[in-house]
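*Asks:* no FASTA, just this:
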């Protein structure tokens, strides 16, 4: 099992020869424009993909499926809709399947709780994209657990730490957990994805799993950068368990603490 971070939440996951692109945001730097209620004028995404457009097109021709956790534009943008082959299998929560179909995709595999696809067990997991009124406005979000006979990875998606995340970890016992860090926050309300404190709680809840951090330095409402989180990991003595991915970095997920 291999994982490559492209940018933000966009990941390429290879599971025993099957390649799944997760939460594709494929537009150029600045293509999403300003995000509301951020208190800044920065254009999103803040960085380009870590390879050329020609390389992107080549990579898209090798994927076997796309997995979408939710439809916020930093996870599913217009360029993804334009570039992805409309016959590509789209793995997604049942709640967003009809909307994806409206974009012309013809092979949608909607998930309510669990499916088995290409010898991979795929479970839909819960998430909470913030608290209070902001959390309600952010809507329903989900994550996925991908599991084979030997390996498992839990992609939490855009969620803060709360009781259901602990329950998902206890239920699925993943070897690897991928979290959205950065403490993205609007001008009002609490963070809508994990803070460094939340990430520490994930590590404590799953002491035998490796934790991989994404969603950093790519969108304008994130408050914690890689250096900030790296210092927190070091302070908590979690450097052997918790890792910050660079854009473009590819890692093997065959390693575990067990």
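*Replies:* Yep, it's here. The structure displayed is predicted, hence computed values, not measured ones.

*Asks:* now the helices for the stretch 51-200 of the chain?
*Replies:* 53-60, 78-83, 97-102, 132-138, 163-172, 196-205 (DSSP state H, counting those that start in this stretch).

*Asks:* rank those by pLDDT, which is bottom?
*Replies:* When those are compared on average pLDDT, helix 132-138 comes out lowest at a mean of 93.

*Asks:* can you list contacts of that helix?
*Replies:* 72, 128, 129, 130, 158, 186, 188, 189, 190, 192 (Cβ atoms under 8 Å, 6 or more residues apart in numbering). Any C-beta I mention is one placed from the backbone N, CA and C, and that applies to glycine too.

*Asks:* list the buried residues in that helix.
*Replies:* Under the neighbour-count criterion of 16 or more other Cβ atoms under 10 Å, helix 132-138 has 134, 135, 138 buried.

*Asks:* and the pLDDT for residue 255?
*Replies:* Listed pLDDT for residue 255 reads 55.

*Asks:* helix, strand or coil for the spatially closest residue to residue 182 that is not a sequence neighbour?
*Replies:* Spatial nearest neighbour of residue 182, excluding adjacent residues (Cβ to Cβ, 6 or more residues apart in numbering): residue 222 at 3.4 Å. Using DSSP: H, G, I helix; E, B strand; the rest coil, the structure places residue 222 in coil.

*Asks:* how many residues are close by residue 222?
*Replies:* Using other Cβ atoms under 10 Å, residue 222 is surrounded by 22 other residues.

*Asks:* quick one, which of the helices of the stretch 51-200 of the chain is nearest to residue 229?
*Replies:* Residue 229 lies closest, by Cβ to Cβ, to one member of the helices of the stretch 51-200 of the chain: helix 196-205, at 4.9 Å.
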